[in-house]
Every structure is written in structure tokens, then in C-alpha cells.
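1. Here is a sequence with its predicted model. Questions after.
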Amino acid sequence: MRNETVSTDITVVGGGLAGVCAAIAAARLGQTVALVQNRPVLGGNASSEVRVWVCGATAHGTHRYARETGIMGELFVENQYRNPDGNPYLWDLVVLEAVKAEKNISLFLNTDVHEVEADGDEHDRTIRSVTGWMMASERRIRFESAVYLDCTGDGLVGFLAGAKYRIGREAKQEYNEEWAPEIADDITLGSTILFYTKDVGRPVKFVPPSFVKNIEETTIPIKRVIRSGDSGCHYWWIEWGGELDTVHDNERIRDELWSVIYGIWDYIKNSGKFEAANMTLEWVGALPGKREYRRFIGDYVLNQNDIIAQRPFEDGVAIGGWSIDLHPPQGMYSTESGSKHLHIDGVYHVPFRSLYSVNVRNMLMAGRDISASHVAFGTTRVMATCAVIGEAAGTGAALCAAKGVTPRELHDSHREELLQTLLRQDASIVGLRNTDEGDLAAKARLTASGSLTRLSVERHEQERHRLDQDAALLFPVDPRLDGLELLLDADEVTTVELELWSTGRKENYVPHTLRAEAAAAVEPGTEQWVRFDLKWEPDEAQNAFVIVRTNKAVSLYHSSEPMSGVLPFFNGGAPHAPSKLEDHRPDQPVVQWRMARKARKPFCFRALGDTAAYAPDKATNGYRRPYGGPQQWMSAELQDGSEQWLQLDWDKSVALRNIELTFNDDVNEDLINLHHHHTPFEIIPELVKQYRIEARDGSGWKTLLHVTDNRKRTRVHRLEAPVETDGLRIVAEATNGSAYAELIEVRVYDGEGR
């Protein structure tokens, strides 16, 4: 045995997406990080060992403009480019390379931490070290740091350190949660093993193993959905162990899951009820994907009421949007639906106080072990949400290490710095504005070669939408709407009725308050532009949700021309899955109004009156995500070979050293790491592909740098030496497919920057 000691500023234990994002965030802020993972690959339940797709705030397209930014967003976008077909092994590489790109991270794979040295009493403890055994290498490694992050999922490090925690379900009275049981218990969500199938083009037999379960003797065939050709996360409902101890009974749970998987495959192959002669098993998981175990107690316990109310927190450091998604204790054997869902009107917020231990002074946590009730955990547990929580915890850990303070002291004395640091890193925070006094761009006057001032989508395709049910259109109103025109067909003389609703909160995209109504008489005919006297001048810029009421004699035209900030909606439609598998409350707005995967095909319309929603100054207004509008500069339409530019002017010369650009990567586009759905493009079309940055000197404009083949949302350019200038231009030469140059934010600094 070889004994070693590794000393770093921060130790992150757990290499799932929460741990990966925590480690990267801390490393980018200049801290040295040991990332310790007990498996040979990173990614946790998302890795090729388990193969769960990475779900998050979009909730498979239920929420709008909700895809994660920051590090998780980088992983999504890079995976879409490298791995559009969702190969699990290529996803492993995307995650691994993101870690290896950070020189401040030391990665320790196959290293199982099972010892923790901590001192102090039960109310105030401090971790001094954690020790892990590196399998196959016979190395015993002691990790010493100022700050530790428990990203293990099961919460082993915190448990060994004496951190306070909960397992199971709280009683309803504890947090007044509607979905909590009357009496507290130790029931958790169960574990799952997945499998892949493959059509080999010739008949293949299957001889079941001796331990196979005859599923026809269970409730599975009549209570769950089984189809030939499904595989992977289609079988998320193969779940068991919620009434057991998901850690200490892990081997028993694995064996039961295996017996059912092979039983399902035996049923598909040999029952004669499916067309599966040429199908074979390509892969069966060996690790149960755990959903729930310990949840640590922090200074705040996030609960169901916080989620549903979308409670704003003064220390909100991350967003989520997945429904509160709870499963019956009996799992796959239950006669209830496999899951029940309570949706939120929009994204919710996670406070920093839920990311550090109430009694271990130098421990933060990220992932499914954060400080949340069992019901709230039903949404925070999904991996993209765990990842953005990881970025927030890693950022907090870096600031703690740099300042020599505890997470609680960071919250109490340096909260604004934490929030602004996260915002500058493009973390997933909605509604927070840039207040960085060092950002020179905020002090500049902005002009542009042109901006979109007339909000219209006119190029139509042959696809039309019959108004058998209500449909809707969302677009920004800034500063007012003077009328609306729609392109439609009418089979007969009729009247078309419209309603304009505000959305309530600026992060929501559902009808909330009726603001105006209009109607127009329509004659029979095709491709008619019909004008509606629909007017609205809100107190502040925000989105309008315009409902076109049911009229079976009328069809609206879809456009092949997407536009940032504009979305179509459809009332009703097929549910996510059969009700016996998933139980979604039908009366919730985000369930009623769906994009139906037609977000890039809005209805043809013209909003009358000029709009300032895409003005140049939107690039320095402080927002980095849509919030009551698109919050970006969008140029006039690009013509063949034309360029569009955004210009910053200062009253006196400034010294530029860092230029930070955030381009539009359409956070409404629901990307996925594996196989839930297919996205047809490898690079987000709205991203600027080719651009140059120019500075003005006495003789005119001088090119500082030129970038080609960009496919990233955030680009940070550090100049070799400061440049003195009173003017700066970002010149967009080409996009990745969009008809417009789009820039969300520009920041300029004269110092070291990040």
C-alpha cells in the first residue's frame, strides 16, 4: 500500500454532474481542487455506466427559455456538437474533457472515500481531512483542504463528518406541504437499472437466466408501458427499493431489478405479443441508479411551498423547473401511476443557505443531498438542476477558500459578491442584474449598424394550424403594442377573437392576467392578413401572451422563420405519457399550454408599432437570460455578405484588457445528452459564427482579434496588453444559420478579469 497526502484549497467528493460543475467553477476562480470520484468515469447517473438522460429546468420542453447556462449549459451545447446522436461513451468524453481542461483540478478516479477526520462538538464541527482508497492502484490518499464539498449523492462524507441530515419523508405539519404524508416515515424513492436494445437485422433468440422473474405474475404488464423497441430511460419506471434502505440494501435491490429487466425482455422476446424477433439486448446496467438517500440540513430547508410559489430568495443562486415528481414506494409493482407530477408556472429559485451544512462549518453540498424536504427534493434531484447547484456551491467554496471564511460567513457578509460572481460566470440565475462597478461597458453609450424595430414574422410555409382548440402567440411588448395582424385562412364568414394576457412574473410564460380583447370579422379566403385592434401599453416592458380562441373555420400559418423572443403555444394535446405511467395535473397552465416542439415555427404575425425589445442598450442592461423579454441586441436582418455591428463609445479614453461576450444560444432549445429526442442541428443557429473586435484610434478602426467557427455562448478575450480607446465594436460577419446577429451581453474590463 502507498500512503499519500494531497493538499488543495478545495476537495470535491463525488464526480457526478454536481461534483464536476462544482470543481470546474472553483478551479476557474483560481482555487486548486481535488475532484475525487469512486467510479472509473465521471457523470454519475448520466454516465455510460447508468445512462440516465440529463433532465433539468426545461422539463422536456414544458418550460420556456429555461435551459441551463453556465457550465451545464456548456456541456449541453458541446455534446450537441460532438454527440448529436446521444452516444453514452461520447457523453463521457465531453464531461471528462471539460474537467481536464482546467489546470487547477487534480482528478482522482476509482478513489472511494470512506474515512473522514473531523473535530468539534455536534453543533459546530470542522472537517480536517478525507481519505480514499484508489482501487487497482493500491493507493491510500489523504485529502487536506480548507473547504469540502459533499457531492456524493448518498451524503457519505457529511455523514462521517457528523453533519445533520434526514432520510425519508417529513410529516405534512412540519412544512405545511400538501404532498407530504400525515406521519413522517423513512420511505424514499427507489433505484433503477436501465437496458438498451438493438435490431440486428436477423432473428435472435433469448434464453432467460435462472433468476428471471415472470412478470406476468406481477402487476407490471397491466400497470406499466412495455413496447418492443423501447430502451434506456423509456424504462425509468423499473424502480424498486423505496421501502428498503437504498444504500445498505443496494445489492438486494440490484438483484431484484436485474430479475425484472430480464423478465421484461423474456416477455418481449418470447411471449409472442411483440414484433421482436430481430431484437437483442445490447447493454444492461450493472449499477442501480439511486434517486434518494440522505438530505443534509442547511441554514434553510427548501420546501414544497417555496417551489410552487417560485419564492424569490435574496441568496438565490440557481434555478430549477422540473416538476415535483414523486413515485410510489412500491415502485414497479405499484398499482398507482409510476409517478405523479406537480408543475410550476415557471422556474423556481434555490437559496445558497440550502447548500451548506448547518453544523459542519467548512462543508458545502450539491446534488441530491442538499437541504430540501422530501417533496421539494422531488424536483431538485434531476441532474441538470444538481449541476447548476454544483456550480453555485463550487463558486461559494472558491470564495470561502480565497477569503478564509465559512459558507455562512460568506452568505452573511459577501452575498452580493457571490451573486455577481455567479452572474459573471453565466450561471443559471434568472432576474438578477449586473451591478459590477468594474464593468466599463455599463458606462458606455451603445449604438448599432441596425436593430430589429419591427416585430413581425411573415415568411410562411404550407403548414397550417387548424383552430380546433385555442392557440397562442408570445412576444415582447416594449414599450407598447398598437395592434396585431395575423395571417390566416377562413373557410366561411366568421369572427376571430383574441385575448391579450400578461404573464405575471417575468420568468413565466403562461397567461396570468387578462389585459385586452379584440375581434375581427373575416371573409372566406386564403393567406389573409387580418388586423385586430389589440392594444396594450404596460407599465414596464414585458411579454404578451395572445390567445386566439377556438374557431374550426380558421387556420393559422406557421412560419419557417424562428425569431428570438417569439413562441407559439397550443392548448391541450397529447400528455407526456399514458396516465397509468405518469399522472400530470391537467389544470396547470404549463401543462395546458405547450409548445408541441414547434418553437421554431411561430405563427405568422405583425405587431404594429415600433419595438425597443432588441435595442443596442439591451446588451448592457445587466440581464443574461430572457426575463420579461429577450434581453438582447438583435441586428437588422443580415443580407448576403453583409455585416452588423454593435458599438460602445466612452466620453474619454479607457484601457481595455478583458472583453467578455455572451451570444444567444437559444436557451429555449431543449437539448439532451442521450436519447429522449433528436435536435436537428449540431450548432445553435442563433450563435454568431464569425466576428471581429475593433477598437478606435486616431486613424480609425483597428482590428484587435478575429474569431471564426464559434459555437459557444460565452467567449472571454484577454488582450496581451491593455488597449487605450474611446470606442469598441463587435462586428458580426456570419451566424450559424440565423438571419440576425444576436448578442446578449458585452462586458469590458481594464484589469485581470476572471
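-> Structure received. Numbers count the residues shown, from 1 in each chain.

2. If you count neighbours, what's buried in the helix or strand hosting residue 529?
-> Using DSSP states H and E, residue 529 falls within strand 525-532. Applying a neighbour-count criterion of 16 or more other CB atoms under 10 Å, one finds 528, 530, 532 buried in strand 525-532. No exception for glycine: its C-beta is placed from N, CA and C like everyone else's.

3. Just checking: what are the partner strands of that strand?
-> Strand pairing for strand 525-532, using DSSP bridges, gives strand 484-490 (antiparallel).

4. Can you give the distance of the strand it pairs with from its chain's centre?
-> 35 Å (CA atoms, centre = their mean, to the nearest Å).

5. what do you get for stretch 471-486?
-> Relative to its parent chain, stretch 471-486 has a centroid offset of 28 Å by CA atoms, centre = their mean.

6. Name the residues of it that are buried.
-> Judged by neighbour count (16+ other CB under 10 Å), stretch 471-486 contains these buried residues: 471-478, 481, 484-486.

7. For stretch 19-39, measure first residue to last.
-> One end of stretch 19-39 to the other measures 13 Å (CA to CA, to the nearest Å).

8. and what of stretch 97-113?
-> Note: stretch 97-113 ends 23 Å apart using CA to CA.

9. So for that stretch, mean pLDDT?
-> With pLDDT averaged residue by residue, stretch 97-113 scores 98.

10. cool, and stretch 245-253?
-> The predicted model assigns stretch 245-253 a mean pLDDT of 98.

11. Check stretch 155-162 too.
-> 98.

12. what's that stretch in contact with?
-> Applying CB atoms under 8 Å, 6 or more residues apart in numbering, the contact partners of stretch 155-162 are 13, 113-116, 118, 122, 125, 127, 130, 148, 150, 163, 165, 293-296, 357, 359-360, 363, 365, 369.

13. Just the buried ones among the residues you listed, please.
-> Buried among these (16+ other CB under 10 Å): 13, 113, 116, 118, 125, 127, 130, 148, 150, 163, 165, 293-296, 357, 359-360, 363, 365, 369.

14. Farthest-apart pair in the buried residues of stretch 471-486, please.
-> Of all pairs drawn from those, the greatest distance, 23.2 Å, lies between 471 and 478 (CB to CB).

15. got the buried residues for stretch 677-695?
-> Of all the residues in stretch 677-695, those buried under the rule 16+ other CB under 10 Å are 683-695.

16. I'd like to know which of those residues is nearest to residue 608.
-> Out of the buried residues of stretch 677-695, the member with the shortest distance to residue 608 (by CB to CB) is residue 686, at 25.3 Å.

17. Next up, the contacts around that closest one.
-> When contacts are counted by CB under 8 Å, 6+ apart, residue 686 touches 564, 663-666, 735-738, 740, 742.

18. May I see the residues you listed organised as a markdown table, with secondary structure and distance to residue 254 added?
-> As requested, the contacts of residue 686 are exported to a markdown table (DSSP: H, G, I helix; E, B strand; the rest coil; distance: CB to CB, whole Å):
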| residue | secondary structure | distance to residue 254 |
| --- | --- | --- |
| 564 | coil | 46 |
| 663 | strand | 45 |
| 664 | coil | 44 |
| 665 | coil | 39 |
| 666 | coil | 40 |
| 735 | strand | 49 |
| 736 | coil | 44 |
| 737 | coil | 46 |
| 738 | coil | 48 |
| 740 | coil | 52 |
| 742 | strand | 48 |
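
19. thinking residue 267 is in contact with residue 213, fair?
-> No - using CB atoms under 8 Å, residue 267 makes no contact with residue 213, being 9.8 Å away.

20. Count the neighbours of residue 751 for me.
-> Neighbourhood size, residue 751 [other CB atoms under 10 Å]: 9.

21. which element is it on?
-> Going by DSSP H and E, residue 751 is not in any helix or strand.

22. From residue 551, how far off is the closest residue to residue 178 other than its chain neighbours?
-> Counting by CB to CB, 6 or more residues apart in numbering, residue 304 is the residue found nearest to residue 178 once chain neighbours are left out, at 6.6 Å. Per CB to CB, to the nearest Å, residue 304 is found 39 Å from residue 551.

23. Who has more neighbours out of these two?
-> Each of residue 304 and residue 551 has its neighbours counted (other CB under 10 Å); residue 304 has more, 25 against 21.

24. hang on, the earlier thing: how far does the strand holding residue 529 sit from its chain's centre?
-> For strand 525-532, the distance to the chain centre is 39 Å (CA atoms, centre = their mean).

25. Return, as residue ranges, the portions of the stretch 501-650 of the chain with sub-threshold pLDDT.
-> Within the stretch 501-650 of the chain, the segments meeting pLDDT under 70 span 573-577.

26. Helices of that one, start to end?
-> For the stretch 501-650 of the chain, the helices defined by DSSP state H, counting those that start in this stretch cover 589-592.

27. I'd like to know how many residues surround residue 639.
-> Residues lying near residue 639 (other CB under 10 Å) number 9.

28. If you could redo that for residue 645, that was the one I meant.
-> When counting by other CB under 10 Å, one arrives at 21 neighbours for residue 645.

29. ok, now which ones touch it?
-> Each residue near residue 645 by CB under 8 Å, 6+ apart is listed here: 448-449, 729-732.

30. redo that, cut-off 6 Å
-> The contact partners of residue 645, taken as CB atoms under 6 Å, 6 or more residues apart in numbering, are 449, 729, 731.

31. same deal with residue 461?
-> By CB under 6 Å, 6+ apart, the neighbours of residue 461 are 558, 560.

32. Are we agreed that it is in a strand?
-> Yes - per DSSP: H, G, I helix; E, B strand; the rest coil, residue 461 lies within a strand segment.

33. returning to what we had before: could you flag which of the contacts of residue 645 are buried?
-> 449, 729, 731.

34. and the last one, bridged to which residues?
-> The reference is to residue 731. Bridge pairing for residue 731 - DSSP bridges - gives residue 645, residue 692.

35. Is it in contact with residue 690, as I believe?
-> No - contact criterion CB atoms under 6 Å: residue 731 and residue 690 do not qualify, at 9.4 Å.

36. Residue 408: what secondary structure?
-> Once three-state DSSP is applied, residue 408 turns out helix.

37. Now for it, how many residues are close by?
-> For residue 408, the neighbour count with other CB under 10 Å is 17.

38. So it versus residue 9, what's the distance?
-> Applying CB to CB, the value for residue 408 to residue 9 is 19 Å.

39. got a pLDDT number for the closest residue to residue 39 other than its chain neighbours?
-> Nearest residue to residue 39, sequence neighbours excluded (CB to CB, 6+ apart): residue 49, at 6.4 Å. Here the pLDDT value assigned to residue 49 is 98.

40. just use 30 as the starting number from now, easier for me
-> Sounds good: first residue 30 from here, last item residue 78.

41. Next one: residue 78 relative to residue 138, how far apart?
-> Counting by CB to CB, the separation of residue 78 from residue 138 is 12 Å.

42. Could you list the low-pLDDT ranges of the protein?
-> Counting by pLDDT under 70, the ranges of the chain that qualify are 602-606, 781-783.

43. Break it down into its domains, please.
-> Domain assignment of the chain by automatic domain parsing yields the ranges 31-199+328-453, 220-313, 469-480+643-778, 485-636.

44. So which of those is nearest residue 205?
-> Nearest of these to residue 205, taken as CB to CB: domain 31-199+328-453 at 6.6 Å.

45. ends of the closest one, how far apart?
-> Start-to-end span of domain 31-199+328-453 (CA to CA) is 42 Å.

46. Likewise for stretch 586-601?
-> One end of stretch 586-601 sits 19 Å from the other (CA to CA).

47. what residues does it touch?
-> Here stretch 586-601 makes contact (CB under 6 Å, 6+ apart) with 486, 488-490, 492-493, 498-505, 516, 621-623, 625, 627-633, 659.

48. How far off centre is that stretch?
-> On the basis of CA atoms, centre = their mean, stretch 586-601 sits 21 Å off its chain's mean C-alpha point.
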